[in-house]
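**Q** sequence and predicted structure below; questions after.
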Amino acid sequence: MNTLKHLLLTPRFFFCFALLVVAYILGSAWSFMVGVVQYSALIFGLFVFVDFLLLWLVVRRPETKREFLVRMNLGDANKVKFEVGENWLPKLFPWWVELNEGFPNGITATLVTFKKRISGGQKIEIEYQLQPKERGTFQFNSAYLFLRSVFGLVERRFILESEDEFHVYPSILQMRKYELLVFQQQKTASGIKRVRRLGNATEFEQIRDYVPGDELKTINWKATSRKNELMVNQYQDEKSQAVYCVIDKSRTMQMSSQDMTLLDHSINSTLVFSNICLLKGDKVGLVTYSNKMGTQIPAERKSGQLKLIMDALYAQKTQFLDANFELLQSLVRQKIKNRSLILLYTNFENEFAMRRALPYLMQINKQHLLVVIFFQNTELQNIANQDTGNLRELHDSVIAEKMFASKARMAKEMKQMGIQTILTNPEELSAQVINKYLELKARGRF
C-alpha cells in the first residue's frame, strides 16, 4: 500500500481522458461515435491498468550514490556526481526517467532537473556543479526520481532520502590558484604584479640561468663569462617576519557582494594570503574582533599553522554590532610585542565612522606597519555608471556617485596620515592584498 501512494497519473493520462470526454459529448449528435468512444475507453483503461502493473510489480527501487567533496570550497564550483544503479528496470522497452536533485537550502547549482531516456540495465550518471555562498555544515535534501514506461500514462515516484553531509570551508582552490600565480613568471596578466626589490631587504640565495623578465642589474658577469651563458644572481626576501591578519566581524561586514558577505570574502582572502606568507618563509597569525575580541592565533611558522588558521576561519560568524577599535588597539599593544605587518580587513559606512576609528588606527601604525583594507560597493558603482532615463534614475545615480567618491576620500585621508590603505572591489581582494604584501616586502618596510 505504501507503493501505491507513489503511483501518480501523468498529464498524458488527463489529456487522453479529456479527449474521451469530448468524444462522448459529440456522440450525442452523432450516434455512431458512441461505440467508438466505448471501445476507445476500454483500450485506454487497459493501457492504464498495464502501465499501473508494470510500475507497481516489475520495477524495483533503485540504488543511488552521491559522490562529492566532504570539504567544499566557499564561493567556488564544486563537482558533485549522482549515480543511479543498474538492473532495477526490466529490459522490456526504453523508460523515461526524471530526477530532481535535493540541493541543500541556500546553495545554488548548475543542475535543476535531469531527464533522460534509458534502457533496462543501464546506469545513470549525473554530474553538476554546486556553488556554496556561505560557510557551515549542510545536508542534501531528499532527491525525487520519477519513472514512466513507454505508455506514459502513470508514473512512479521514488523518494531518495539522504543523510549526506558536507562542510563549506574557506576556498582551498583559490589558495592553490594564487600560490601558482605568485611563484610562476606569468602572473602580471592575472592581477599579481612583478615588484622590483629595493633597499637591502633581500639576501643572496643562488646563481641561476637567465630567464626573460629578469632585471639586467642582477646579471652576474663573472659567472656569465665562465659559462658563456647569461647567469643572474637570485635573491630571497628576508624570512621569519611576523604578519597578522585581523578580521572585523561587525555588522558592516555583513554586506553582500556576488551573493557572499564581505566577511566571507575576507576569510577567503585571509586563507590565500596566509598560505603565501608561509611559503615565503614568514610567520602568520590571526585575530578576529567585533564589539569584543574573538579568535587569537599567535604568528608562527609551524607545519600545522595553516590548518589551524583554516579551522578558525571556518567557525567565524558576523556579530551584528559596531566594531570596537579601541579594544583592538589595546589588544595589539598587549599581545603583539614585536614590530609586525598587520592587515586589517574592515569596512566603513561613511567618513564619520572612519574618523572615529582613525586615532586608534594611528596608534597601531606607530608600533607596527598597518594596512587597512576596506571595500567599494560594486552595486553603487554600477548605479553611478548607468545611463539615466528619468529623474528618479538621475537622483539615484548622483547619490551613488557621492557615496562611491566618499570611499576614495577615506582612503586618501588615511594615506595622508601615513597608513597604508587598500580600497578594492571584493572580487579583486586577494590579488590586491598579495600585491601590497609583495611590494612592502620588496621595499623592506617590515
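**A** Arrived safely.

**Q** mean confidence score for the helix or strand harbouring Arg12?
**A** Arg12 belongs to helix 11-26 when assigned by DSSP states H and E. The pLDDT scores in helix 11-26 average 88.

**Q** list the buried ones in the helix or strand that it is followed by?
**A** Using DSSP H and E, the helix or strand that follows helix 11-26 towards the C-terminus is helix 32-53. For helix 32-53, the neighbour count (16 or more other CB atoms under 10 Å) marks 33, 37, 40-41, 44, 47-48, 51-52 as buried. Yep, even glycine has a C-beta here, placed from its N, CA and C like the rest.

**Q** check which element follows helix 32-53 along the chain.
**A** strand 64-67.

**Q** got the CA positions of that next one in PDB?
**A** C-alpha atoms of strand 64-67 as PDB (Å, rounded to 0.1, in the frame of the first residue of the first chain):
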ATOM      1  CA  THR A  64      21.800   5.500  -5.500                       C
ATOM      2  CA  LYS A  65      25.100   7.000  -4.600                       C
ATOM      3  CA  ARG A  66      26.300  10.600  -4.400                       C
ATOM      4  CA  GLU A  67      30.000  11.400  -4.700                       C
END
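
**Q** what are the contacting residues of it?
**A** With contact meaning CB atoms under 8 Å, 6 or more residues apart in numbering, strand 64-67 is reached by 80-85, 140, 143, 145, 160, 162, 164.

**Q** 7 Å instead, please
**A** Strand 64-67 has contacts (CB atoms under 7 Å, 6 or more residues apart in numbering) with 80-85, 140, 160, 162, 164.

**Q** out of the residues you listed, which is nearest to Ser269?
**A** Val80 (25.8 Å; CB to CB).

**Q** could you look up the SS state of the closest one?
**A** Put simply, Val80 is strand when judged by DSSP: H, G, I helix; E, B strand; the rest coil.

**Q** for the residue nearest to it when sequence neighbours are not counted, what are its contacts?
**A** In space, and not counting its chain neighbours, Val80 is closest to Phe68: 4.5 Å by CB to CB, 6 or more residues apart in numbering. If you count contacts by CB under 7 Å, 6+ apart, Phe68 has them with 78, 80, 166.

**Q** verify the contact between the second one and Leu130 for me.
**A** Yes. Under the contact definition of CB atoms under 7 Å, Val80 touches Leu130, with a separation of 5.1 Å.

**Q** how much space is there between the nearest residue to Met293 once chain neighbours are set aside and Thr270?
**A** Excluding the flanking residues, the one nearest Met293 by CB to CB, 6+ apart is Leu331, at 5.8 Å. Separation of Leu331 from Thr270 (CB to CB, to the nearest Å): 18 Å.

**Q** how about the contacts made by the spatially most central residue of the chain?
**A** When CA atoms, centre = their mean is applied to the chain, the residue found nearest the centroid is Gly75 (0.3 Å). By CB under 7 Å, 6+ apart, the contact list for Gly75 reads 133, 171, 260, 268.

**Q** about what we covered before: neighbour count winner among Leu331 and Thr270?
**A** Ranked by neighbour count (other CB atoms under 10 Å), Leu331 and Thr270 place Thr270 first, with 27 against 17.

**Q** sec struct for the nearest residue to Asn350 once chain neighbours are set aside, please.
**A** Excluding its sequence neighbours, the residue lying closest to Asn350 (CB to CB, 6+ apart) is Ser406, at 6.6 Å. Of the three states, Ser406 takes helix according to three-state DSSP.

**Q** swap in the one 3 residues further on?
**A** Remark: Arg409 carries the secondary structure label helix [criterion: three-state DSSP].

**Q** residues contacting it?
**A** So Arg409 contacts Glu351 (CB under 7 Å, 6+ apart).

**Q** same question for Gly85.
**A** By CB under 7 Å, 6+ apart, Gly85 lies in contact with 62-64, 123.

**Q** reformat those as CSV; add distance to Asn220.
**A** Shown next, in CSV, are the contacts of Gly85 (distance: CB to CB, whole Å):
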residue, distance to Asn220
Pro62, 68
Glu63, 66
Thr64, 64
Lys123, 62
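
**Q** quick one: Lys337 is in a helix?
**A** No. Assessed with three-state DSSP, Lys337 is coil; it does not lie in a helix.

**Q** how close does it get to Gly294?
**A** In terms of CB to CB, Lys337 sits 20 Å off from Gly294.

**Q** when these two are compared, which one has more neighbours?
**A** Gly294 (17 against 10).

**Q** look up how far Tyr289 lies from the closest residue to Arg251 other than its chain neighbours.
**A** Spatially, and ignoring its direct neighbours in sequence, Arg251 is nearest to Phe320 (4.7 Å; CB to CB, 6+ apart). Going from Phe320 to Tyr289 by CB to CB gives 14 Å.

**Q** neighbour-wise, which of those two wins?
**A** Set Phe320 next to Tyr289 and count neighbours by other CB under 10 Å: Tyr289 wins out with 23 against 11.

**Q** hmm, the more buried one is touching Gln329, no?
**A** No. Between Tyr289 and Gln329 there is no contact under CB under 7 Å: 10.5 Å.

**Q** hang on, the earlier thing: got the contact list for the helix holding Arg12?
**A** Applying CB under 7 Å, 6+ apart, the contact partners of helix 11-26 are 33, 37, 40-41, 44, 48, 152-154.

**Q** let's see it at 6 Å
**A** Contact with helix 11-26 is made by 33, 37, 41, 44, 152-153, as judged by CB atoms under 6 Å, 6 or more residues apart in numbering.

**Q** buried set for it?
**A** For helix 11-26, the neighbour count (16+ other CB under 10 Å) marks 13, 16, 23-24 as buried.

**Q** same question for stretch 143-157.
**A** 143-149, 151, 153-156.

**Q** ends of that stretch, how far apart?
**A** Terminal residues of stretch 143-157 are spaced 10 Å apart (CA to CA, to the nearest Å).

**Q** circling back: ok, so of the buried residues of helix 32-53, who is nearest Glu427?
**A** The closest of these to Glu427 turns out to be Asp51 (CB to CB; 52.4 Å).

**Q** what residues does the closest one make contact with?
**A** 149, 151, 153-154.

**Q** related to what we said a few turns ago, could you dump the contacts of helix 11-26 to TSV with distance to Phe374 and pLDDT?
**A** Output for these, formatted as TSV (distance: CB to CB, whole Å; pLDDT from 0 to 100):
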residue	distance to Phe374	pLDDT
Met33	78	72
Val37	75	81
Ala41	73	88
Phe44	69	91
Gly152	59	90
Leu153	62	92
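
**Q** closest one of those to Trp95?
**A** Distances from Trp95 to the contacts of helix 11-26, taken by CB to CB, are shortest for Gly152, at 10.1 Å.

**Q** distance check, the closest one against Leu8.
**A** Distance of Gly152 to Leu8, given as CB to CB: 12 Å.
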